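Peer 1: okay, sequence plus prediction incoming.
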Amino acid sequence: MKLEIILSGQCKNSPKNQRVETIAVALLVGDTKAASTLLSHDCVWHLADGQTLTGEDIHVYLTQRQPPGSVTITHVITLGKSGAVNARLNIGNTQYRQCDIFDFTNAKGQSIKQVTTYRTLLD
């Protein structure tokens with residue numbers, strides 16, 4: 001099955017929003033190359049299931065998880081040293097809503113030091 005990704009269309013005039021949308025998709029689909037360019041080497045990722053991953057453990061996790069069949073990014077927001085992406089995704093026959101909150105290493109938003117993921121099941 002081919003992965004379907006629909007981007008928000010909200011990032012044309014904001015490089016920081018583009019980076020946040022790119023890393024959100026990379027974390028969802030297991031793109032370790034994009035993740036390694038945007039996450040700081042000591043990044044901390046708080047997963048929706050309560051796990052906390054750091055550094056290289058993030059890359060191992062990305063290679064082992066089941067990617068969704070489809071991802072639709074609905075909102076991308078950045079301000080100062082923070083950003084957020086809201087998405088809908090399908091994994092198997094199950095639909096979820098997901099929000100990733102990003103903390104940058106600085107206000108330029110070149111690198112991400114922390115990610116917190118929230119996920120809810122859609123009826």
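Peer 2: Ah, there it is. Numbering: from 1, shown residues only.
Peer 1: counting by contacts, list what the helix or strand hosting residue 5 packs against.
Peer 2: Assigned by DSSP states H and E, residue 5 falls within strand 4-6. Applying 3 or more Cβ pairs under 8 Å, 6 or more residues apart in numbering; DSSP states H and E, we find strand 4-6 packed against strand 70-79. For the C-beta atoms, the positions are set from N, CA and C on the backbone; glycine is no exception.
Peer 1: quick check, residue 22 in a helix?
Peer 2: Yes: assessed with DSSP: H, G, I helix; E, B strand; the rest coil, residue 22 lies in a helix.
Peer 1: next, the contact list for the residue nearest to it when sequence neighbours are not counted, please.
Peer 2: Take residue 22 and drop its neighbours on the chain: the residue closest to it by Cβ to Cβ, 6 or more residues apart in numbering is residue 34, 5.9 Å away. Contacts here follow Cβ atoms under 8 Å, 6 or more residues apart in numbering; on that basis residue 34 touches 22, 23, 25, 26.
Peer 1: hang on, residue 34 in a strand?
Peer 2: No: with three-state DSSP as the criterion, residue 34 is located in helix rather than a strand.
Peer 1: distance check, it against residue 27.
Peer 2: With distances taken as Cβ to Cβ, to the nearest Å, residue 34 is found 9 Å from residue 27.
Peer 1: do residue 45 as well
Peer 2: 8 Å.
Peer 1: got the contact list for the residue nearest the centre of the chain?
Peer 2: Nearest to the geometric centre of the chain sits residue 24, at 2.1 Å (Cα atoms, centre = their mean). Taking Cβ under 8 Å, 6+ apart, we find residue 24 in contact with 73, 76, 85, 87, 100, 102.
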